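Asker: Need a 3D model of the following:
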Amino acid sequence: MTGVSKIADPTRFMEILKTPEEESVRTTEADVDVSAIQTVGIHPLNIGLIDCHRFSQECLIKVFYGLEPRPTIVPFETVHDFLSEEPSETDLIVYYCHSAYHSEQRIVEDVVTIRRGFRTVPIIILSDSEDAENPDTIRSVLKNGAQGFIPTRTNGLPITFAAIRFITSGGVFAPLDLLLTKRLDRAAEAGQQCRLTPRQLTVFNQLQQGKANKIIAHELGMSESTVKVHIRNIMRKTGATNRTQAAYKAQKLWGTAEIANLSSAGAY
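Answerer: A predicted model of the protein is given here:
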């Protein structure tokens with residue numbers, strides 16, 4: 001799945017990517033109308049294509065000529081060659097970064113360099129590197145001036161053409177499925193890190209019932225001071241400042257039923 005968001009300001013787009021609003025802009029290939037990929041506007045585009053590999057460069061030129069209206073494509077091997085030529089009529093810059101030569105830092109540096117010379121021309125990054133699957137790389141490239149980022153290991157020509165249409169209309173294109181997956185992974189990891197021990201779960205189960213420390217200690221056969229230590233650890237792991245907040249946060253993390261089941265299964 002690939003997601004898009006039509007936002008003219010890339011900075012605003014990055015703000016959205018850091019909030020739950022990500023979910024609202026997630027979409028599919030159908031939503032970007034891949035059935036109309038052959039049409040990219042009324043006027044022919046002037047595309048500056050930067051690609052150091054002759055084979056992929058020629059393949060892209062051949063494929064781009066299938067767009068309607070047919071664009072004018074001027075190929076370059078390096079960013080330096082492109083900037084030296086200073087093609088003034090460029091409507092779109094497509095920069096294909098290959099894994100053997102382009103690290104995340106190199107891609108960002110090149111985007112910044114291109115943006116200095118072409119402040120308003122949209123930049124699309126194609127990349128076959130492993131870093132292209134890294135959400136931090138995607139965020140960094142977009143934040144530093146690109147309007148599109150397409151990992152070519154997982155996206156084909158239909159999405160690429162749809163992205164061109166979308167970006168030349170003022171949008172920003174990114175694989176939000178990768179960004180959202182990373183966020184969910186981090187949330188799951190955080191949940192694992194703050195999981196309660198079986199004994200803490202047992203104490204917490206009693207705490208949820210509103211029992212005082214003295215009662216909890218008596219029913220679980222431990223000292224009151226030990227109960228207090230468990231409660232402090234529960235509060236620390238859940239980020240709570242008091243017993244009530246700890247109960248609320250733990251319920252959101254694991255659910256009342258899970259806490260009860262785990263505490264009864266692992267308490268003794």
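Asker: Tell me where the stretch 101-250 of the chain has helices.
Answerer: Along the stretch 101-250 of the chain, the segments classed as helices by DSSP state H, counting those that start in this stretch run 104-117, 135-143, 157-168, 176-193, 198-208, 213-220, 224-238, 243-254.
Asker: and V94, which of the ones you listed is closest to it?
Answerer: Of all the helices of the stretch 101-250 of the chain, the one in closest proximity to V94, counting by CB to CB, is helix 157-168 (7.9 Å). Placement of C-beta: from N, CA and C, glycine included.
Asker: what comes up buried for that closest one?
Answerer: Along helix 157-168, these residues count as buried under the neighbour rule (16 or more other CB atoms under 10 Å): 159-168.
Asker: of the residues you listed, closest to R115?
Answerer: Within the buried residues of helix 157-168, proximity to R115 (CB to CB) peaks at I167, which comes in at 14.4 Å.
Asker: For the chain, name the helix or strand with the lowest mean pLDDT.
Answerer: With mean pLDDT, DSSP states H and E as the measure, the helix or strand of the chain carrying the lowest mean pLDDT is helix 22-25 (a mean of 37).
Asker: following that helix, which helix or strand comes up?
Answerer: strand 46-51 (DSSP states H and E).
Asker: now the angle from that following strand to helix 157-168?
Answerer: Orientation note: strand 46-51 sits at an angle of 130 degrees relative to helix 157-168 (axes from the mean of the first three to the mean of the last three CA atoms, to 10 degrees).
Asker: Counting by contacts, list what strand 46-51 packs against.
Answerer: helix 54-64, strand 72-76, helix 79-85, strand 92-97 (3 or more CB pairs under 8 Å, 6 or more residues apart in numbering; DSSP states H and E).
Asker: Can you give the strand pairings for that strand, parallel or anti for each?
Answerer: Counting by DSSP bridges, the strands paired with strand 46-51 are strand 72-76 (parallel), strand 92-97 (parallel).
Asker: any weak-confidence spans in the stretch 1-150 of the chain?
Answerer: 1-42, 100 (pLDDT under 70).
Asker: among the strands paired with strand 46-51, which is the most enclosed?
Answerer: strand 92-97 (a mean of 23; mean count of other CB atoms under 10 Å).
Asker: between that strand and helix 54-64, how many degrees?
Answerer: 150 degrees.
Asker: and the helices of the stretch 101-250 of the chain as CSV, adding distance to D128?
Answerer: What follows is the helices of the stretch 101-250 of the chain, written out as CSV (distance: least, CB to CB, whole Å):
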stretch, distance to D128
helix 104-117, 12
helix 135-143, 13
helix 157-168, 13
helix 176-193, 15
helix 198-208, 47
helix 213-220, 58
helix 224-238, 42
helix 243-254, 39
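Asker: Right, I'll call it a day here.
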